[in-house]
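Asks: Model the following, please.
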Amino acid sequence: MELADGVEFDAVVIGTALPNAILAAALARVDKRVLHIDSLEFYGQEWATFSLKELRELPTLFSHGDPADVSTAGNAQVAAPPPASLPEGRNSVSVQYRSPVFDVHEEVFPLPVSPPPAPQQAPSPVADTGAKEEPPTMNDSVSAEVSPAETPAPEAAAPAPAAAASEPPPPDVPVKVETAEERRETALAELMKQARRYNLDLLPKACLSRGSLIQLLISSNIGRYLEFKAVAETYIRMGQENREVPCSKQTLLLNKSVAPKEKRHLMKFLQFCTTAADDSDASEAIPTTAFLEYLKSEWKFSDDLAQYIIYAIGNVTPETSTREALRGVREFFSSLGQYGKTPYIYPLYGVGEVPQAFCRLCAVFGGTYMLRQRIDGFVTSDNGSRCTGIVMGGKRVDASWVITTSACVPSTYPDATRDNAVARAVVVTDGTVVPECGNHPVVTLCIPPNTAGNPHNVNAFCFSSDSSVCPSGKWVTQFVSASTDGSARESLEAVVNSLTADPDASPEADEKNKKPNRLYSMYFGMHDETCAGGGDNELGGLLVSQQPPLTSVTFQSALAEARRMFDLICPGEEFLPMAPNPEDIDWGPPQPTPEEIEARLNALEQSTAGLWESASDFVERIDAVTARSTRGRKPERNNGLRVARVAVSTRSIRADVAQLRERLDALNARTDKRAPKESEA
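Replies: Numbers count the residues shown, from 1 in each chain. Predicted structure coming up:
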């Protein structure tokens, strides 16, 4: 698809990340002309879902349309076209692209090799007298079919050498011992046979069952594009065991790791969190101190119970302010009991389905989509204070608003903040890393800091084949953690090793520990970056969507960012009103079915068959009367008037018949077009 030079849109949205996808759908629903483009060849950017084959090509997936732009830094500047290609009074600013992924490390683990069987010793020679007969062998059974006359007598048989009796018989098939590299190649080939059955997320996130995103999906009718799986259970790792998080009354009463006194305190805390959200006075009374200090001083919680609340329920840090932490705790508890024991539901087929659903809605309401479109520059006004469009493929696209991400900003903007990085690990195993959960489709596991050598909190999503994430017999675990040293492998390898079997250990030790074997793992880092704007060089009409915290386990921040940008562009407009159902759309009068058309044609042919014959008869009789009345004599005046009337009537009948025939032909032609072909039927 090519756009004309100078084409105008109300908004140009660059990048199909979730905040931008939600914004594009909201703008299209209020009748804005939206152009949504992406330099990548897939939807979602870092919110995308990949197969195993695509995940192995991760360094090249974010090349932004340029195969040469594959680097760990991910920064690349694109020169803008010469100013001569722009109209008078317009300038251009070059673009800098940034890749969110860096430090990719891949490992393939062959299955442990079982020890070879012990060699069988040959039977020792025994005397003929009183010796116990050996069980027949295959050679014995074959020789038993031979006639006794053809079998030589025992005393005639040649005596076997003594040395030959101690040597084992040579094996029929030689045993080949594979090297470690050959076994890895074999294991990788087996994995790649089912590579398309994996749905692996770059940003694994779950939805709160009563959160703002689910409410929006229901109210806007976008939920018909998506399916979800309930997260069955939530665990936290304490020491060397996984404990179920007591997030409801039932699980709290059955939990044996919490003392009865602490259970009463926790029940009061649950009640406080659910009621304080509706009480403004109670909210104002909440202090702004650190959350850990508040839990210990106000509620007298032990260290273990405080870790339950901080990391597994609130998904915050001990230093987070109490008001912000309690907001997350309330959202957690308010979603309990909607679809199961936990408040979370996970998108079926991966997180990448969520931005695609919003892009689909935008396209339905007139949005224009173009992938693999690398922009050349931003068009600015004469004084350089406002962005008025983009340059793409040497053509100018004008827009009232341009919305982009921190991965594609003008070169005049400062570099995005990259102090915070996220460590990611995708691990494929032959069993679940949470054996306490059984075979549930999706469970979550929280690993507090310093539990397994991890400096930061680690959130893990564990998937079985019932979640449509991996093939049968395989499990996938997604690890997410903050990282300060910049190496994802160093941040997460100790955690992965504590949950899976040692690949160098013997199979007997693995079976004793009951830990699953690793088949494949990939470690990579992601820049948790923000771009606050251009400072003194900031352009009006250009919005840079803020990246939600990548360590968050929910979608709440992405939706809040989309709503913020929508209020700036369309103040006072309704944000994503309900889309009509297909059955509610007025498509005009109902169109007849092919069966109805056929029935109408048959009835019309039957009713007009006699009329056609009568009209033909009548025309022939009129022609005969007219010929006789004018033959050989001058017609009288009255006869002339009569002939004129007859002629007029004849022409009218002929015109009616011709019009009827045309209508029949048109109906026949329409039926031929709508009727299915014989081959298709």
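Asks: so is the residue lying closest to residue 444 once chain neighbours are set aside in a helix, a strand, or just coil?
Replies: Once flanking residues are discounted, residue 444 sits nearest to residue 234: 4.9 Å by Cβ to Cβ, 6 or more residues apart in numbering. All C-beta spots, glycine's among them, are computed from the backbone N, C-alpha and C. Secondary structure for residue 234, judged by DSSP: H, G, I helix; E, B strand; the rest coil, is strand.
Asks: how about residue 234, what does it touch?
Replies: Neighbouring residues of residue 234 by Cβ atoms under 8 Å, 6 or more residues apart in numbering: 244, 245, 247, 312, 342, 344, 443, 444, 445, 446.
Asks: between those residues, which is nearest residue 213?
Replies: residue 344 (11.8 Å; Cβ to Cβ).
Asks: where along the stretch 101-250 of the chain do the helices fall?
Replies: In the stretch 101-250 of the chain, the helices defined using DSSP state H, counting those that start in this stretch lie at 138-143, 162-165, 180-192, 212-219, 249-254.
Asks: Just put those in JSON lines and tack on mean neighbour count.
Replies: What follows is the helices of the stretch 101-250 of the chain, written out as JSON lines (neighbours: other Cβ atoms under 10 Å):
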{"stretch": "helix 138-143", "mean neighbour count": "9"}
{"stretch": "helix 162-165", "mean neighbour count": "9"}
{"stretch": "helix 180-192", "mean neighbour count": "14"}
{"stretch": "helix 212-219", "mean neighbour count": "17"}
{"stretch": "helix 249-254", "mean neighbour count": "14"}
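Asks: Go through these and name the closest to residue 59.
Replies: So among the helices of the stretch 101-250 of the chain, helix 180-192 is nearest, using Cβ to Cβ, at 17.6 Å.
Asks: circling back: could you dump the helices of the stretch 101-250 of the chain into a markdown table with mean pLDDT and distance to residue 321 added?
Replies: Listed next are the helices of the stretch 101-250 of the chain as a markdown table, based on pLDDT from 0 to 100; distance: least, Cβ to Cβ, whole Å:
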| stretch | mean pLDDT | distance to residue 321 |
| --- | --- | --- |
| helix 138-143 | 40 | 79 |
| helix 162-165 | 44 | 85 |
| helix 180-192 | 89 | 45 |
| helix 212-219 | 93 | 21 |
| helix 249-254 | 74 | 26 |
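Asks: With distance to residue 499 as extra columns, can I get these in a markdown table?
Replies: Shown next, in a markdown table, are the helices of the stretch 101-250 of the chain (distance: least, Cβ to Cβ, whole Å):
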| stretch | distance to residue 499 |
| --- | --- |
| helix 138-143 | 48 |
| helix 162-165 | 53 |
| helix 180-192 | 20 |
| helix 212-219 | 30 |
| helix 249-254 | 22 |
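Asks: So, low pLDDT: which residues of the stretch 201-350 of the chain?
Replies: 276-284 (pLDDT under 70).
Asks: isn't residue 492 right next to residue 458, touching?
Replies: Yes - between residue 492 and residue 458 there is a contact under Cβ atoms under 8 Å: 6.9 Å.
Asks: which residues are in contact with both of the two?
Replies: 479, 481.
Asks: Quick check: the residue lying closest to residue 238 once chain neighbours are set aside vs residue 477, distance?
Replies: Nearest in space to residue 238, with sequence neighbours left out and distances taken as Cβ to Cβ, 6+ apart, is residue 304 at 6.4 Å. Applying Cβ to Cβ, to the nearest Å, the value for residue 304 to residue 477 is 24 Å.
Asks: now do residue 195
Replies: Counting by Cβ to Cβ, the gap from residue 195 to residue 477 is 18 Å.
Asks: Of these two, give the one with the bigger neighbour count.
Replies: residue 477 (25 against 16; other Cβ atoms under 10 Å).
Asks: What's the first helix or strand after the helix or strand hosting that one?
Replies: In this structure, residue 477 sits in strand 475-483 according to DSSP states H and E. Remark: after strand 475-483, the chain's next helix or strand is helix 488-499, criterion DSSP H and E.
Asks: Relative to the whole chain's centre, how far out is that next one?
Replies: Helix 488-499 sits 26 Å away from the centroid of its parent chain (Cα atoms, centre = their mean, to the nearest Å).
Asks: Also stretch 213-231?
Replies: So, by Cα atoms, centre = their mean, the centroid of stretch 213-231 is 14 Å from its chain's centroid.
Asks: Same question for stretch 453-463.
Replies: 21 Å.
Asks: What are the contacting residues of that stretch?
Replies: With Cβ under 8 Å, 6+ apart, stretch 453-463 has contacts from 204, 206, 311, 315, 317, 346, 432-434, 437, 441-449, 469-470, 475-484, 491-492, 494-495, 498, 551, 553.
Asks: buried ones in it?
Replies: 454, 456, 457, 458, 459, 460, 461, 462, 463 (16 or more other Cβ atoms under 10 Å).
Asks: Grab the nearest non-local neighbour of the third one.
Replies: Going back to what we said before, that points to residue 457. That would be residue 311: by Cβ to Cβ, 6+ apart, it lies 5.0 Å from residue 457.
Asks: tell me the contacts of the residue lying closest to residue 388 once chain neighbours are set aside?
Replies: Nearest non-adjacent residue to residue 388, counting by Cβ to Cβ, 6+ apart: residue 379, 5.2 Å away. Contact partners of residue 379, counting by Cβ under 8 Å, 6+ apart, are 86, 90, 91, 92, 387, 388, 389, 390, 391, 396, 398.
Asks: I'd say residue 578 and residue 220 touch.
Replies: Yes - using Cβ under 8 Å, residue 578 is in contact with residue 220, at 5.7 Å.
Asks: Dig out what residue 389 forms beta bridges with.
Replies: residue 379, residue 398 (DSSP bridges).
Asks: Give the pairing partners of the strand holding residue 477; include direction for each.
Replies: strand 421-429 (antiparallel), strand 458-463 (antiparallel).
Asks: need those in TSV with distance to residue 289, can you?
Replies: Listed next are the strands paired with strand 475-483 as TSV, based on distance: least, Cβ to Cβ, whole Å:
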stretch	distance to residue 289
strand 421-429	27
strand 458-463	25
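Asks: Take these and lay them out in TSV including distance to residue 187 and mean pLDDT.
Replies: Output for those, formatted as TSV (distance: least, Cβ to Cβ, whole Å; pLDDT from 0 to 100):
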stretch	distance to residue 187	mean pLDDT
strand 421-429	10	94
strand 458-463	20	96
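Asks: about what we covered before: need the buried residues of stretch 453-463 in TSV with distance to residue 574, can you?
Replies: Shown next, in TSV, are these (distance: Cβ to Cβ, whole Å):
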residue	distance to residue 574
454	45
456	40
457	38
458	40
459	35
460	39
461	34
462	39
463	37
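Asks: Tell me which two of those sit farthest apart.
Replies: Longest span within the buried residues of stretch 453-463, Cβ to Cβ: 456 and 463, 22.5 Å.
Asks: Tally up the residues packed near residue 287, please.
Replies: Count around residue 287 with other Cβ under 10 Å applied: 12.
Asks: returning to that earlier point: which among the buried residues of stretch 453-463 gets closest to residue 30?
Replies: residue 461 (35.4 Å).
Asks: quick one, what contacts the closest residue to residue 41 other than its chain neighbours?
Replies: Closest residue in space to residue 41, ignoring its immediate chain neighbours: residue 372 at 5.1 Å, by Cβ to Cβ, 6+ apart. By Cβ under 8 Å, 6+ apart, the contact list for residue 372 reads 38, 39, 40, 41, 65.
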